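**Q** Next come a sequence and a model predicted from it.
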Amino acid sequence: MTTAQKQRSRSHRLHAARSYLVLTALAALYIAPAYYLVVGSFKPAADVLSGLRGFVPEHLSFDNYRSVFDSLASDSTGYFWQFMVNSALISAAVVVVGLVVNSMAAYSFARLKWRGRDKSFLVVVALVIVPFEAVAIPLLFMLNGMRNSLLVQSLPFFANAFSIYLFYTFFLGMSKEIEEAARLDGLGSFGTFLRIAVPSAKPVFATVAILTFLTTWGQYLWPSLVVSNPSYRPLPLELSVFSGQMPVDWGEVLAFGVLLVVPVLVFFVSFQRFFVQSLASSAVKG
Amino acid sequence: MSNLTVDRSPRRKLRWNRQDIPGVAMAAPGVIGLLVFVAAPFLVAVFLSFYNAQLNSPRAPNFIGITQYSRLFADMQFWRALGNNLTFAAVVIPVQTAIALGLAMLVNQRLRGISIFRALFFLPVIFPMALVAVIWRLILSRSEDGLLNSLVHVVSFGQVGAQDWLGNSATALPSIILLSIWQGVGFQMIILLAGLQEIPQERYEAAQLDRASRWQQFLYVTLPGLRNTLIFVVLLTSILAFRVYDQVYILITSGGANKTATQTVLYQATTSVFDQNNLGRASAITVVFFAIVLVITVIQRRVVRQESEA
Amino acid sequence: MKHRKKAGASIAAVTTAALLLTSCSSGGGGTSSAGDGTGDVEVWAHQGKDTEVAALQDAVANFNASQSDINVNLTLVPEADYTTTIQSTSAGDLPDVLELDGPTLASFVYDAKVAPIDSYVSQDTIDNATGGDVNQGTVDGTLYALAQFNSGLGLYANGAMLDAAGVSYPDSIESAWTADEFLSALKTLAAANDSGYALDIKENYGLGGEWGTYAFSPLLQSAGGNLIADNKASGVIDGPESVSAMEAFQSWLPYVDPDEDDSALVDGRVAISWGGHWMYPGYSEALGNDLVVLPLPNMGTGTKSGAGSWTWGMGSNTGQGAAAGAFLDYLLNDENVKAMTTANGAPPATKSALATDALYSAGGPLELWGQQLEAGCNADSVTSDCVTVLRPLTAGYPVITSEFASALAAIATGDDAQSALTGAATAIDQSFSDNNDYK
């Protein structure tokens, strides 16, 4: 190595070291609440609320987790696995059906011509900014007969204006030549959508899937309005039961919180690289 | 309510040709879904806002014209709530984006194990907001054993006593802003990271050859290169910022947060129904809220369009 | 052209909404029927403490096992969402038997969600109910609900800590602390305690919820004020007496422990805990003989306390009236009432159980609170003699409690008492006038 190279590599190492330091400090500070959640879930409640000692991993045990499962062990309270399954089914339904419905609609708006298309699209765009919270109450009023079912917790969310918009901006940018080639090959509109558009839109599909999954898994307001029967209750709503039951056992609440997050974490870790890339690239193109 | 069929007569007698059918068929489920579950409830809300109505009451609602609106606009609590929404958005949008950008730049380095850091910063994003509210309620507890109070106590060598972060009107909204940013930054960071990685390295090298300082590189290479991504992130965050609800509701009802200082417009809407069974008022709030968000979104788009035309 | 067509669509939507509204609103108001006394009975209850839940589940299991004609299915709904859930469920979807938070009964009668129970429950059961229980369950002269237990509210204290600090404490209703005595006691106790606190008011329950109204509205009545009088809140809830009560409350706050872990008294961080009967089992186990039970402070016209608790009613559309009534008779028998009150430390709401109750009858540790309940009255007829005051029996109660509790929570964070209470008064009055006083 030349002197210049040696100098550069030394300054690189210094620079790297400094970066690691900054990153570690920031990450530690940033991740502290999550660490507190996990450590606290293994501690007795009294230790959870003890200032900075709450960070020290002492008196660890699985007691809180055991209590969570023990107290959710009857038909009247509901079962933990049942809450988990409810959340999973609802999320899966909304994600899968949503991907189909919204991507089809977006493709239709972006690439097909039909009477009423532009007006309908205007309506969709206008609806993008309507937050769910704003229509929750009138929707409750309308769907009152369907309460206490998994369907009522999924059906209203299949069609999503924001997802349509994300798909739309992507499909707009698709090249016309490939489409024309497909048409020449005899593929109809739907066939083109299925064979050409969908495979090329994998990043957007992944993005929409993640966003939809995150929002649906964490839903609180709507289930609190339409579900009173534990058999249909999803996980986050059950969290409020735990933290609302006097006397509150904070250790148990944190344990429940960890159980609430773990499936999502597993989901993400498994598909991590793919998701991060796709999320990013769709945003850049959008 | 068992025979619920929302009869949406078509906008016009559309005569669709055979060519139109695929397009219409593909768009139909989505559009119908949106009309039934988003547009229709909204219109019902508009309708109800002119009435004094209750949920599940055997009494028919009675028409009171614009009384709900006139009361709303005369209600200081409503204006305060709206102010809270605007303050929240005005702080969160720039601050969260700036932090996200900073973090994105930090994790954009080719260091070993950098993906671990990326994952750590992204982690809070996957926490449901209900859980985030519970964790932060403990952190912000006003007792001396609360995490933040302990930390402040240690860092200030015992000078600063235990604060009621959520109850004190000065610190309540900032606390909620803090935890919301904590939860949301990772998401923006990932998007901005991808945007950063799209910027060709040559531009930085060219700038360095021109003896540009780090700061100048940032201004003249990074920012312009990130333009589209930044716009996307800002628009997305704006929409999400106005929809702040779960954490506010949970922290006010069970975390001891100062209601006046933290309540939002949507919180007022739901409590009108939950606590007072005043469906008419809740509907009026919904309508007003939608109008405000619409106006702001339109303004934003105008600004973006102007800039891109300039 | 475009406008007309857009208008057409809107009119369609509006008409649809109107149809929905009218059809929905006539879906309430049911008529109950007796059925044949056999079959399934759906029951909803709130998910409270573990021990209460267990006692209820046992009662259900035993009832099902003891006979084969009726099968009871129990569903538990989270306590925090319970009343809201009933409010958002239409009458047709309500169960045969449902628990209700006492003061909300009138509003559910107003919404035609509950059925009168006097034709389904045996006369013996009705006769055995205490006066306060019948008062709570009666709306417009008709009986809609009966309870297993009433509630007790007062101050728990660690007698040893009080003695050590030299603070004298009341031993009867008449000798309750005055507001000034209470404040100075708090100061002394806080100074004597490492934690710097003296009082726990269960902030962790959330002062903005029903606990706020239940535990602290008696202060208004004790000072000579009230929540509402003659269907008007203005001048009453924000009258000078009520405001002074709340200002006194504010003066105690510096000595109040946040009590996130719900164990301030047990851990010795405070000497006094503002509490209800459900805390008795835990406190007596932890403090043993050191635990003393005291009346709430006397704000001017004599100490006042709260009463009323969860009660049992029947869904207005039930087709199983007779079977439901049989279940209620069983639930309200001595054995089950005692099991429940042992689990939660509550005063029984049946005469036979109360007379032999270990805690509340003469000589028991909670005798003072039992005496409080004997001198009970309704919120619209408060006298200087009565001690426990039922929360206002009006269909507009949900608004009253939500406004008062919000005002209380605001006052607890330092807001000005007068303006907080006046805000509550305005909102309550507006709601009452909009709804024709909820008649």
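**A** It's in.
**Q** confidence score at residue 24?
**A** No chain specified, so I'll use chain A. Note on residue A:24: pLDDT of 91.
**Q** hm, I was asking about chain C
**A** 44.
**Q** what about stretch B:118-130, near chain A?
**A** Yes - counting by Cβ under 8 Å from any Cβ of the partner chain, chain A is contacted by stretch B:118-130 at B:118-130. C-beta coordinates here come from the backbone N, C-alpha and C atoms, glycine included.
**Q** So, low pLDDT: which residues of chain C?
**A** Within chain C, the ranges that satisfy pLDDT under 70 run C:1-30.
**Q** Kindly state the domain boundaries assigned to it.
**A** Annotated domains of chain C cover C:39-151+C:308-357, C:153-305+C:386-438 [automatic domain parsing].
**Q** Make CSV from those and add mean neighbour count to it.
**A** Conversion of the domains of chain C to CSV gives the following (neighbours: other Cβ atoms under 10 Å in any protein chain shown):
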stretch, mean neighbour count
domain C:39-151+C:308-357, 21
domain C:153-305+C:386-438, 21
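**Q** Nearest spatial neighbour of the most centrally placed residue in chain A, chain-adjacent residues omitted?
**A** Nearest residue to the geometric centre of chain A (Cα atoms, centre = their mean): residue A:214, 1.1 Å. Excluding the flanking residues, the one nearest residue A:214 by Cβ to Cβ, 6 or more residues apart in numbering or on different chains is residue B:126, at 6.4 Å.
**Q** That neighbour and residue B:183, how far apart?
**A** For residue B:126, the distance to residue B:183 equals 9 Å [Cβ to Cβ, to the nearest Å].
**Q** Which one's more surrounded, those two?
**A** The residue with more neighbours, out of residue B:126 and residue B:183, is residue B:183; 24 against 21, by other Cβ atoms under 10 Å in any protein chain shown.
**Q** Give me the contact status of stretch B:278-294 with chain A.
**A** Yes - with Cβ under 8 Å from any Cβ as the measure, stretch B:278-294 is seen reaching chain A through B:279, B:282-283, B:286, B:289-290, B:293-294.
**Q** Can you flag the buried ones in these?
**A** The neighbour-count criterion (16 or more other Cβ atoms under 10 Å in any protein chain shown) marks B:279, B:282-283, B:286, B:289-290, B:293 among these as buried.
**Q** can you list the residues of chain A near chain C?
**A** So chain A meets chain C at A:45-46, A:48-49, A:71, A:74-78, A:140-142, A:144-145, A:147-148, A:224-226, A:228-230, A:240-241, A:244-248, A:250 (Cβ under 8 Å from any Cβ).
**Q** what about the residue nearest to residue C:70 when sequence neighbours are not counted, distance to chain B?
**A** Leaving aside its sequence neighbours, residue C:70 sits nearest to residue C:323 (Cβ to Cβ, 6+ apart; 4.6 Å). Distance of residue C:323 to chain B, computed by Cβ to the nearest Cβ, to the nearest Å: 25 Å.
**Q** Can you tell me the SS state at residue C:323?
**A** Here residue C:323 is helix, with the state taken from DSSP: H, G, I helix; E, B strand; the rest coil.
**Q** give the contact list for it.
**A** C:35, C:37-39, C:41, C:69-70, C:96 (Cβ atoms under 8 Å, 6 or more residues apart in numbering or on different chains).
**Q** just curious, which of those residues is nearest to residue A:161?
**A** residue C:96 (42.1 Å; Cβ to Cβ).
**Q** Whatever residue of the stretch 101-250 of chain C ends up closest to chain A - nearest residue in space that isn't next to it in sequence?
**A** Using Cβ to the nearest Cβ, residue C:205 is the residue of the stretch 101-250 of chain C that sits closest to chain A, at 6.2 Å. What sits nearest to residue C:205 in space, not counting adjacent residues and going by Cβ to Cβ, 6+ apart, is residue C:211, at 4.2 Å.
**Q** Next up, the contacts around that neighbour.
**A** C:202, C:205, C:405.
**Q** In TSV, list the residues you listed along with distance to residue B:203 and secondary structure.
**A** Formatted as TSV, the contacts of residue C:211 follow (distance: Cβ to Cβ, whole Å; DSSP: H, G, I helix; E, B strand; the rest coil):
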residue	distance to residue B:203	secondary structure
C:202	62	coil
C:205	59	helix
C:405	60	helix
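**Q** What ranges does the stretch 1-150 of chain B have for its strands?
**A** B:51-52, B:62-63 (DSSP state E, counting those that start in this stretch).
**Q** ok, is the last one in contact with chain C or not?
**A** Looking back up the chat, that one is strand B:62-63. No - shown here: strand B:62-63 not in contact with chain C (Cβ under 8 Å from any Cβ), separated by at least 8.9 Å.
**Q** partners of that strand, with directions?
**A** Strand B:62-63 has the following strand partners under DSSP bridges: strand B:51-52 (antiparallel).
**Q** how about the helices in the stretch 1-150 of chain A?
**A** Remark: helices assigned in the stretch 1-150 of chain A by DSSP state H, counting those that start in this stretch are A:3-41, A:45-48, A:63-71, A:80-111, A:117-128, A:132-142, A:150-154.
**Q** Of all those helices, which one comes closest to residue B:204?
**A** helix A:3-41 (15.0 Å).
**Q** what does the stretch 151-300 of chain B put close to chain A?
**A** Going by Cβ under 8 Å from any Cβ, the residues of the stretch 151-300 of chain B near chain A are B:151, B:153-154, B:182, B:190-191, B:193-195, B:197-198, B:228-229, B:232-233, B:239, B:242-243, B:245-246, B:249-250, B:254, B:266, B:269-270, B:273, B:279, B:282-283, B:286, B:289-290, B:293-294, B:297.
**Q** list the contacts for the residue nearest to the centre of chain A?
**A** A:264, B:125-126.
**Q** Report the secondary structure state of it.
**A** Secondary structure of residue A:214, per three-state DSSP, is helix.
**Q** dump the residue contacts of the residue lying closest to residue B:242 once chain neighbours are set aside.
**A** Leaving aside its sequence neighbours, residue B:242 sits nearest to residue B:293 (Cβ to Cβ, 6+ apart; 5.3 Å). Residues in contact with residue B:293 (Cβ under 8 Å, 6+ apart) are A:129, A:131, B:239, B:242.
**Q** So the first one sits against residue B:295, correct?
**A** Put plainly, it is residue A:129. No - at 10.1 Å, residue A:129 does not count as touching residue B:295 under the criterion of Cβ atoms under 8 Å.
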